[in-house]
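Colleague: structure for this input, please:
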Amino acid sequence: MIIYQRLLATLIGSFLLGIGINGFLVPNQLIDGGIIGIALIIHYFFHFQTGIMMFLLCLPICILAAKHEKGTFFSSIQGLFISSLFIDLLSPLRTQFTVSNLMSALIGGVLIGTGVALMLRYGTSTGGTDLLAKIIAKTTSLDIAIVIILIDGLIVAAGFAFLEIDRFLYSCLAIVTGGLTTSLLARHQY
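Modeller: Below you'll find the predicted structure:
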């Protein structure tokens, strides 16, 4: 029964990620943190598909995490594959919503945070920095959301060189919103 619940959580969480990224972040050229943020930067500059880039960038993290999190390795690979697939399948949403940068950051952050939290609650993730944050949270006393915000913040800070100041600030808002949403919804389930 838990396998079906995990699969359903992965499908719904990945769907929410795909909507948040394609419906709200990409149209306003905002980035998220983590591997998704790196994949978005690559997408903006080289027009590679975001989901495929995310998959390629996360694969080494999943393999490395297999040593520390054997129990969640297979579900993370599954989460990575499904999330990457949904991100690319939902790319037509990029032209469907017209909202301000502020609303895009808030709505995108909530959708992404909800998707990540749902997956974490059922022992899966996108396999990238969420998995890395899970390992760090288990080995320290830090809350997983704080770890995600720190990692994501570092990646967005690196993205500062590529973003205009307003897009950088709205990206930071999206990350904080996503991290807080994850914290509220995934609390004590990892």
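
Colleague: buried residues, the lowest-mean-pLDDT helix or strand in the chain. List them.
Modeller: Among the helices and strands of the chain, helix 129-139 carries the lowest confidence by mean pLDDT, DSSP states H and E, at a mean of 77. By neighbour count on 16 or more other C-beta atoms under 10 Å, the buried set for helix 129-139 is 129-137. Every residue, glycine included, has its C-beta placed from N, CA and C.

Colleague: okay, the residue nearest in space to the middle of the chain: pLDDT?
Modeller: Residue closest to the average C-alpha location in the chain (C-alpha atoms, centre = their mean): Ile36, at 5.6 Å. Reported pLDDT at Ile36 in the predicted model: 91.

Colleague: do Phe160 as well
Modeller: You'll see Phe160 listed with a pLDDT of 82.

Colleague: that one reaches Arg167, doesn't it?
Modeller: No - with contact defined as C-beta atoms under 8 Å, Phe160 does not reach Arg167; the gap is 9.7 Å.

Colleague: got the angle between the next helix or strand after the least confident helix or strand of the chain and helix 129-139?
Modeller: Next helix or strand after helix 129-139 toward the C-terminus (DSSP states H and E): helix 144-159. Helix 144-159 and helix 129-139 are oriented at 130 degrees to each other (axes from the mean of the first three to the mean of the last three C-alpha atoms, to 10 degrees).

Colleague: all helices of the chain, in order?
Modeller: Taking DSSP state H as the criterion, the chain carries its helices at 2-19, 34-46, 50-65, 70-89, 101-121, 129-139, 144-159, 165-186.

Colleague: tabulate the ones you listed in TSV, adding columns for distance to Pro27.
Modeller: Output for these, formatted as TSV (distance: least, C-beta to C-beta, whole Å):
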stretch	distance to Pro27
helix 2-19	12
helix 34-46	12
helix 50-65	13
helix 70-89	14
helix 101-121	7
helix 129-139	23
helix 144-159	17
helix 165-186	12
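
Colleague: which one of the ones you listed has the most crowded surroundings?
Modeller: Mean neighbour count (mean count of other C-beta atoms under 10 Å) peaks for helix 101-121 among these, with a mean of 24.

Colleague: can you give me the angle it makes with helix 70-89?
Modeller: Going by the same axes, to 10 degrees, helix 101-121 makes 150 degrees with helix 70-89.

Colleague: pLDDT weak spots in the protein?
Modeller: For the chain, the stretches flagged by pLDDT under 70 are 1, 68-72, 130, 188-190.

Colleague: so which of the helices of the chain comes closest to Leu25?
Modeller: The closest of the helices of the chain to Leu25 is helix 101-121. By C-beta to C-beta, the value is 4.7 Å.

Colleague: find the nearest non-adjacent residue to Asp166, please.
Modeller: Nearest-residue entry for Asp166: Asn101, 6.6 Å, with adjacent residues in sequence omitted and distances by C-beta to C-beta, 6 or more residues apart in numbering.

Colleague: I'd guessed that neighbour sits against Leu25; true?
Modeller: No - applying C-beta under 8 Å, one finds Asn101 not in contact with Leu25, separated by 10.1 Å.
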